[in-house]
Each structure stands twice: as C-alpha cells, then as structure tokens.
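Colleague: Whatever this is, show me its structure:
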Amino acid sequence: MKKLCRHESFSQNAVGRRDFLKASVAGTAGSLLVSRSASGMPPAVGQRPNILYIHSHDTGRFTSPYGYSVPTPHIQRLADEGVLFRQVFCAAPTCSPSRASLLTGECPHSNGMLGLVNRGFAMTETGYEHHIIRTLRREAGYSSALIGLQHIAKDPHTIGYDHVEVIPGNHVEQVTPAAVRFLHSAPQQPFWLTVGFFETHRVYRKAGPEDDWRTIQPPPPIPDVPATRRDMADFHASVRKLDWAVGEVLGALDATGLAANTLVISITDHGISFPNMKCNLYDGGMGVHLVMRGPAEFTGGKVCDSMISQLDLFPTLCDLVGIPHPAWLQGRSFLPVLRGDVREINDAVFAEVNYHASYEPKRAVRTKKWKYIRHFDGRLHPVLPNCDDGLSKTYWLENGWARQPIAREELYDLTFDPNERNNLVGDPSHRDVLTQMQKRLDAWMQATNDPLLQGPVKAPSGARVNDPNQVSPRDPTELVP
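Modeller: Numbering: from 1, shown residues only. Model (predicted):
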C-alpha cells in the first residue's frame with residue numbers, strides 16, 4: 001500500500017547535520033528497534049527510547065514547517081530530521097483539558113478535566129492514575145521528570161513524576177537552563193522528560209526590529225489591518241523565544257549523545273490565542289503542531305497527512321516501546337500509518353469545550369470532508385471572556401463582535417470551505433450529511449458517557465468562572481459554592 005507519509009526535504013542547507021543525525025539514529029537505536037517494531041516484537045528493556053515531551057502554549061500550527069513565515073529554524077530542523085504531522089487535532093481547544101487528554105488517552109469528560117487548573121478544575125483521581133508516565137513506569141521501567149509547565153494539576157506531585165524540578169517560573173528563560181542541566185546529568189534511562197513552556201501564551205513578547213509588523217500577515221480569520229499585524233508581530237517575537245529554547249534542548253541532546261536513542265515530541269495544546277481560534281471548535285482552534293523525531297519510524301523528513309487526534313499519541317507510544325494498551329485508551333496507534341500498512345486510522349475525530357473562563361458547552365465531530373459543531377448553552381452571541389485579551393480581540397469588539405450571531409448547529413464542507421464560514425445546516429441539499437454527522441456525534445457522546453447528555457455540566461466547588469455575558473477573562477469571577 002502506498003505510504004501516506006511521504007519523504008520530503010525542507011532545507012537543503014541542513015543536509016550535513018541532518019545526514020549525520022539520520023546516520024546516528026539509524027545506525028544505533030534504529031538498528032535495535034526497526035527490526036523488532038516492524039515484526040511486532042517488543043523492544044528489549046535496554047533498547048527502549050527515552051521520550052522527550054516538549055509542549056508549548058497556544059501555538060497552533062503557526063511554525064515554519066507548516067509553511068508560515070514565522071522564525072522557527074530549530075523546530076524546522078526537527079521536522080527535517082523526523083516526521084511532520086499535518087493533520088493533528090486536539091481533543092479540546094482549551095489548555096488543561098487538551099493536555100490532560102493527550103497524556104491520559106481519554107477525552108476531557110472521561111478523565112474529568114472539564115476546565116482550567118488555574119481556575120480550580122482537576123482530573124478525577126482515576127484520571128491522574130491514567131497519566132502515561134505511570135503506565136511507562138509500571139510496564140516498561142521508565143523514570144520520569146517534569147521541568148516547567150504542566151497545567152494539569154494544582155500540585156505537580158499529584159501527577160506522579162519521579163522528579164519535579166523546582167524553578168521560579170515557566171518561561172523559556174527559567175525552563176531551558178534546567179532542562180539542559182538535566183540532560184547533562186546522566187539521567188537514568190529510559191526516561192520520560194516533560195519540558196513545558198509558557199510561550200506562546202498571551203501576554204506576548206513585544207516585537208523587535210526583526211519582526212516588522214508592517215510586513216506580517218495575520219492568521220485567518222483575522223482581517224489584515226495595522227492592529228492585527230502588530231498583534232501577530234508580537235506572536236512572532238514569542239514564538240522566536242520558544243524556538244530558541246527548543247534549539248537549546250536539542251543541542252543538549254546532541255552534546256550528551258542522547259539524541260540517537262531519544263524520541264522527541266514537539267507539540268502544542270491547541271490553536272493560537274486569536275478570536276475564533278483558541279477555545280473554538282473550528283480547525284483554527286483544534287489544529288495543532290506535532291513533530292516527532294527519534295528511532296525507528298520517526299526519521300527521514302517525512303510528512304504525514306493522516307487525520308490524527310491527540311488521543312492517538314498514548315497508544316502509539318505503547319506500541320513503540322512494546323507494552324500493552326491500557327483498557328481505558330480511546331485513541332489508536334498511528335504506527336501502522338508510518339509503516340505504510342494503512343492510510344488512515346480515524347474516519348472521524350472529536351473535540352469538546354466545557355469551561356474556559358466561562359461555561360460554553362459545545363462538541364464537534366470532524367471527518368476529512370465535514371465538520372459538525374453543536375452548541376448546548378442556547379446562547380445567540382459569542383462568549384467573549386473565552387477569548388484572551390489582545391489587539392485583535394479589541395479590533396473585533398470595536399467593530400461589533402459582541403453582536404455577531406452564533407448558530408446552535410454548524411456544518412461545514414472542509415473541501416470547498418476550509419475556513420468554515422458557510423454554515424450548511426439550513427441547506428436542504430445537505431440534509432443527509434447533517435443527519436449522518438448528528439448521529440456520529442450522538443453515538444460518540446453516548447459511548448463516552450458524556451455528562452452533557454444529562455444536562456448542563458456543573459463546575460466543581462471552589463472553581464472560579466466568568467459570567468458569559470462579560471467581556472474579558474480579567475473581569476471579576478464568581479466562586480462556585
């Protein structure tokens with residue numbers, strides 16, 4: 001069967017360094033892992049790769065491997081040497097639920113993370129027990145360490161890491177030196193290392209001369225005006241710092257000789273923090289950056305166009321290190337795609353929003369062709385506190401965003417309407433498609449025991465939420481009794 005992941009070279013200037021790393025990966029860990037993984041045999045304990053999980057805030061797909069003119073040469077290098085996944089979608093376009101889902105292999109309403117940790121939400125006790133580091137420790141002997149942002153627990157020790165590095169903050173200036181020190185400390189192998197960065201969350205860094213706002217293009221669906229260009233220039237400044245940090249960590253892997261037997265996962269939680277992106281179920285909110293580089297299938301500058309959910313990462317790692325899939329997993333391994341055995345593992349992916357700053361319950365199902373979104377709160381206008389403050393939001397507000405209508409249901413043809421602007425719910429010629437997508441969503445909600453089926457979802461006692469009629473997440477919050 002023809003492979004959907006195709007070999008591509010993104011940068012001919014990187015050939016020397018890239019060929020060296022390809023040779024080192026293929027000649028050491030690759031020779032140990034490829035034959036076993038291809039035959040379905042689990043790798044021996046001493047052959048299991050280290051896993052470096054690098055995650056950022058609110059970056060979407062706005063990195064250079066996705067064709068955007070943003071300054072990310074180190075992330076580009078990672079893509080040149082590994083696998084770039086073009087069609088990966090989060091399970092929730094909000095910060096804590098997205099991360100919790102990726103790390104447990106369960107959607108937010110299954111692991112209990114219905115809102116933001118910093119506003120009083122948490123996973124269930126079982127949800128924390130399902131964190132991937134616990135499975136890797138129990139089944140494969142992995143040690144684990146956390147450096148920087150985690151955003152899924154008020155107390156990071158709740159998660160179950162063997163080591164939690166104490167640092168004064170989660171910005172790249174605090175996290176990067178600690179991560180480099182860890183890699184130079186001869187850590188016990190195999191290890192799982194989480195390196196989490198606050199960047200590129202708002203408030204953005206201020207753009208310098210290298211990020212000229214006059215020549216920068218704002219993201220769709222944002223209009224091209226001076227205010228939004230200035231906003232995007234500040235994002236460029238933030239992603240530049242993120243990329244510097246990624247480069248420092250990759251350099252430490254090279255310097256310590258760990259690169260050859262380390263799977264690097266570079267990913268973000270959800271879309272960038274602009275109106276109708278983060279906290280929204282359009283592709284601009286659901287679509288995420290994912291680049292992986294390491295032993296076996298994760299080499300060669302490949303590009304994968306298969307539709308993948310963040311939920312699929314956990315079972316993929318289980319297959320890579322040769323351990324059984326836990327019973328609770330809701331995703332599927334994408335190793336068969338990388339091996340060329342199948343073109344797709346999913347005919348649909350699902351996502352949800354419950355709480356961000358405000359309550360805004362909605363669900364979505366996406367196929368290659370169609371997107372269906374259903375809102376459950378009965379509101380007719382945007383929930384403005386669920387958009388972070390910034391120049392682009394201000395511009396929209398000044399031009400009447402608060403009065404824009406919100407449909408209860410939305411249906412989009414992603415082939416002819418990739419920006420999801422022409423809602424086809426009322427089009428009689430698409431009635432059959434609408435019915436099919438409604439049934440798909442209903443079946444998923446029932447199969448996962450979605451609490452929305454029983455009515456509005458209550459926030460936990462002690463959580464802080466904004467009134468959905470407010471404008472800013474910085475407006476006064478209400479404490480849930």
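Colleague: For this structure, which residues score under the pLDDT cut-off?
Modeller: Applying pLDDT under 70 to the chain flags the ranges 1-46.
Colleague: can you give me the helices in it?
Modeller: In the chain, the segments counted as helices under DSSP state H are 15-27, 29-39, 73-81, 95-104, 108-111, 125-129, 132-140, 172-183, 226-256, 283-286, 313-321, 335-338, 391-398, 431-447.
Colleague: so of the ones you listed, which one's packed in deepest?
Modeller: Of all these, helix 95-104 has the most neighbours on average by mean count of other C-beta atoms under 10 Å, namely a mean of 29. Placement of C-beta: from N, CA and C, glycine included.
Colleague: Same list (the helices of the chain) but as a markdown table, adding distance to Pro65.
Modeller: Formatted as a markdown table, these follow (distance: least, C-beta to C-beta, whole Å):
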| stretch | distance to Pro65 |
| --- | --- |
| helix 15-27 | 14 |
| helix 29-39 | 22 |
| helix 73-81 | 4 |
| helix 95-104 | 19 |
| helix 108-111 | 28 |
| helix 125-129 | 32 |
| helix 132-140 | 25 |
| helix 172-183 | 19 |
| helix 226-256 | 11 |
| helix 283-286 | 17 |
| helix 313-321 | 18 |
| helix 335-338 | 17 |
| helix 391-398 | 24 |
| helix 431-447 | 31 |
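Colleague: Tell me which of those lies nearest to Gly160.
Modeller: With respect to Gly160, and counting by C-beta to C-beta, the nearest of the helices of the chain is helix 132-140 at 5.1 Å.
Colleague: angle of that closest one against helix 313-321?
Modeller: Here the directions of helix 132-140 and helix 313-321 differ by 30 degrees (axes from the mean of the first three to the mean of the last three C-alpha atoms, to 10 degrees).
Colleague: Run the chain-centre distance for helix 132-140.
Modeller: What separates the centre of helix 132-140 from the centre of its chain is 21 Å, taken as C-alpha atoms, centre = their mean, to the nearest Å.
Colleague: Val175 contacts Gly148, correct?
Modeller: Yes - taking C-beta atoms under 8 Å as the definition, Val175 is a contact partner of Gly148 at 3.6 Å.
Colleague: Asp413: neighbouring residues, count only.
Modeller: For Asp413, the count of nearby residues is 16 (other C-beta atoms under 10 Å).
Colleague: check contacts around it.
Modeller: Counting by C-beta atoms under 8 Å, 6 or more residues apart in numbering, Asp413 touches 369-370, 422, 424, 430.
Colleague: Please work out how many residues are found near the closest residue to Asp377 other than its chain neighbours.
Modeller: Closest residue to Asp377 apart from its sequence neighbours, by C-beta to C-beta, 6 or more residues apart in numbering: Pro361 at 5.5 Å. If you count neighbours by other C-beta under 10 Å, Pro361 ends up with 20.
Colleague: which ones are touching Leu313?
Modeller: Leu313 sits in contact with 102, 105, 265, 267, 331, where contact means C-beta under 8 Å, 6+ apart.
Colleague: still on that earlier bit, nearest to Pro218, out of the contacts of Asp413: which one, please.
Modeller: Pro218 lies nearest to Asn422 out of the contacts of Asp413, by C-beta to C-beta, at 21.1 Å.
Colleague: do you know which of the helices of the chain lies nearest Trp192?
Modeller: The nearest among those, by C-beta to C-beta, is helix 132-140 at 5.3 Å.
Colleague: which helices and strands does the closest one pack with?
Modeller: Packing partners of helix 132-140 (3 or more C-beta pairs under 8 Å, 6 or more residues apart in numbering; DSSP states H and E): helix 95-104, strand 143-148, strand 191-196, helix 313-321.
Colleague: Including distance to Gly257, could those go into TSV?
Modeller: Output for the helices and strands packed on helix 132-140, formatted as TSV (distance: least, C-beta to C-beta, whole Å):
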stretch	distance to Gly257
helix 95-104	28
strand 143-148	18
strand 191-196	14
helix 313-321	20
